[in-house]
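Colleague: only the shape, not the letters, is given here:
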């Protein structure tokens, strides 16, 4: 038997036309401890350079390339229960798969000695110098462009600047710039300065001062991206606790270390459902926030997914439509809970219909505080639960940055996007934390990645976790009860105004009313009277005449009795 090596640090033991493949000691030492091995199936035909196998370590996921062409005859199934064998014995007991060679001559291109240095590292020192004119000219020549301006030919001429920005001074002192922007800021109606009833996906809750104090501690600010777990234990532990909190809140088995925001988490869930089911049709509830629908439509243009969408009505939910739309091509059904109009529906029948058809149920939660009072989507059978975490620990912040939440069942964890932090023990038996899963294209080859997300919302996730910890389970339930009680009080008083009709028969802290005139004008009239009175459906669904009189009103714990009285009085005056 003869052993050969590749430049990518694989080895193959060859006996005639049969071979055994694994990774070298050097490869294992660079990857760190192996935590999972994705083995190929027997009978798989591969070409030299294909990657039939993936090994996950505490640092990254790495493809294992086949040194030769042939047919895989067996995989080392023992690694399924004991992937750590690759750590202790990578060049013997930690072998990965057996292969029958189809072309023995391919061995001529392999080495008879293992490399002990990275193959991609240049021996020359890296130069940190700006590009010279000759450098730029050479690069433009390679791509067939004469000037840098040629790179922007796809941008319409009217969208390109031909000189300085009109009416913008070329220079100003720092004090002058601060004064100018302060004057601009005074034109805003700040959420903290007026009675505030806006919601529809972003909510004004009280955030304890301790949250802001703790997230600014240096231990968290300096270890934002935990590439080296041995020096990022604080960050990893916080993300581990965050994952636990999200999983429990959503009623799921496992959650990731966060996404960018709720809308992108929603699309990532649709993409994940497509990978799990190998189908390309997603049915979206009419009660899903239109901004989330818009993001999904944008992404579906590039993935080829078909989206079945609808506009909401001012009556009941479209549960019957969703169940009726499920067929053999459906990868998932996406439903918001509570929905964009604030309506709450039992998801159990929909979950059963999805399960019967082999589709996944995705629940979207834009107001996580609601789960202090409502059953979690996971309890009702949702396969993937995503949402927006802004309500806890994160202010409105003019629309961002926010924090996306993502949770699912254990059996789908390999298809989950983003990062997953895990708990382990070190060489001395002490508890430690590692980056267990990173199936993202920054860590592995693009075609193997589950997502192109390149980080997580670490600071916002930290704020979410600290706020959740300060509340505790009892505190979250009390906060939810207070929100609901306040919302019921406001709904009763507004629906008693002549011409105002309450749409919802159930809601948490947000409900929809129908006014006797278009709501967009009413919102502006309320703002002129110093009340930020809600989000008009005409703004969310422009051109939909049946919805233009609808107004979404959100009521949280920060709303006072005086705020409620001000809204009631102002609305009566505007509608009179």
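Modeller: Thanks, I have it. Computed from a predicted structure; not experimentally measured.
Colleague: which residues touch residue 2?
Modeller: 13-15 (CB atoms under 8 Å, 6 or more residues apart in numbering). The way it works is simple: take the backbone N, C-alpha and C, and place the C-beta from them, glycine included.
Colleague: tell me what it is bridged to.
Modeller: Residue 2 has the following beta-bridge partners by DSSP bridges: residue 14.
Colleague: of the contacts of residue 2, buried ones?
Modeller: 13-14 (16 or more other CB atoms under 10 Å).
Colleague: got a markdown table for the contacts of residue 2, with distance to residue 245 and pLDDT too?
Modeller: Shown next, in a markdown table, are these (distance: CB to CB, whole Å; pLDDT from 0 to 100):
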| residue | distance to residue 245 | pLDDT |
| --- | --- | --- |
| 13 | 48 | 94 |
| 14 | 51 | 94 |
| 15 | 53 | 93 |
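Colleague: which one of the contacts of residue 2 sits closest to residue 78?
Modeller: Nearest to residue 78 among the contacts of residue 2: residue 13, at 17.3 Å, using CB to CB.
Colleague: quick one: the residue lying closest to that closest one once chain neighbours are set aside from residue 527, how far?
Modeller: In this structure, residue 13 finds its nearest non-sequential neighbour in residue 20, 4.6 Å apart by CB to CB, 6 or more residues apart in numbering. Counting by CB to CB, to the nearest Å, the gap from residue 20 to residue 527 is 73 Å.
Colleague: more neighbours: which of the two?
Modeller: residue 20 (20 against 14; other CB atoms under 10 Å).
Colleague: now do the SS call for that one.
Modeller: strand (DSSP: H, G, I helix; E, B strand; the rest coil).
Colleague: show me what it bridges to in the sheet.
Modeller: Counting by DSSP bridges, residue 20 forms beta bridges with residue 13, residue 98.
Colleague: if we can go back for a sec, residue contacts, the residue nearest to residue 13?
Modeller: Residue 20 makes contact with 12-13, 95, 97-99, according to CB under 8 Å, 6+ apart.
Colleague: residue 406: which of these is nearest?
Modeller: residue 97 (32.1 Å).
Colleague: quick check on the residue lying closest to that closest one once chain neighbours are set aside: phi, psi?
Modeller: Nearest residue to residue 97, sequence neighbours excluded (CB to CB, 6+ apart): residue 75, at 4.7 Å. Backbone torsions of residue 75, given as degrees, to the nearest 10, read phi -120, psi 160.
Colleague: can you pick the most crowded of the contacts of residue 20?
Modeller: Result: residue 99 is most packed of the contacts of residue 20 (other CB under 10 Å), 27 neighbours.
Colleague: right, and it touches residue 68 too?
Modeller: Yes - between residue 99 and residue 68 a contact is recorded at 6.7 Å, counting by CB atoms under 8 Å.
Colleague: what do the two both touch?
Modeller: 12, 19.
Colleague: picking that back up, contacting residues for the residue nearest to residue 97?
Modeller: 39-42, 53, 96-98.
Colleague: which of those lies closest to residue 215?
Modeller: Ranked by distance to residue 215 (CB to CB), the contacts of residue 75 are led by residue 53 at 40.4 Å.
Colleague: burial measure for that closest one, as a count.
Modeller: Neighbours of residue 53 (other CB under 10 Å): 26.
Colleague: then residue 241?
Modeller: So residue 241, with other CB under 10 Å, has 18 neighbours.
Colleague: then the one 5 residues further on?
Modeller: Here the number of neighbours of residue 246 (other CB under 10 Å) works out to 28.
Colleague: could you dump the contacts of residue 2 to a markdown table with distance to residue 461?
Modeller: Shown next, in a markdown table, are the contacts of residue 2 (distance: CB to CB, whole Å):
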| residue | distance to residue 461 |
| --- | --- |
| 13 | 46 |
| 14 | 49 |
| 15 | 52 |
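Colleague: how long is stretch 195-204 end to end?
Modeller: One end of stretch 195-204 sits 11 Å from the other (CA to CA, to the nearest Å).
Colleague: can you list contacts of that stretch?
Modeller: 191, 262, 289, 291, 340, 366-367, 369, 388, 390-391, 396, 399, 402, 490, 509-510, 530-535, 540, 552-556, 558-559, 562-564, 566-567.
Colleague: where do the helices sit along the stretch 251-400 of the chain?
Modeller: Using DSSP state H, counting those that start in this stretch, the helices of the stretch 251-400 of the chain run over 262-277, 290-303, 319-325, 348-357.
Colleague: ok, back up a step: which one of the contacts of residue 75 is nearest residue 417?
Modeller: Looking across these and measuring by CB to CB, the closest to residue 417 is residue 53, at 21.4 Å.
Colleague: so what pairs up with the closest one in the strands?
Modeller: With DSSP bridges as the rule, residue 53 is bridged to residue 64.
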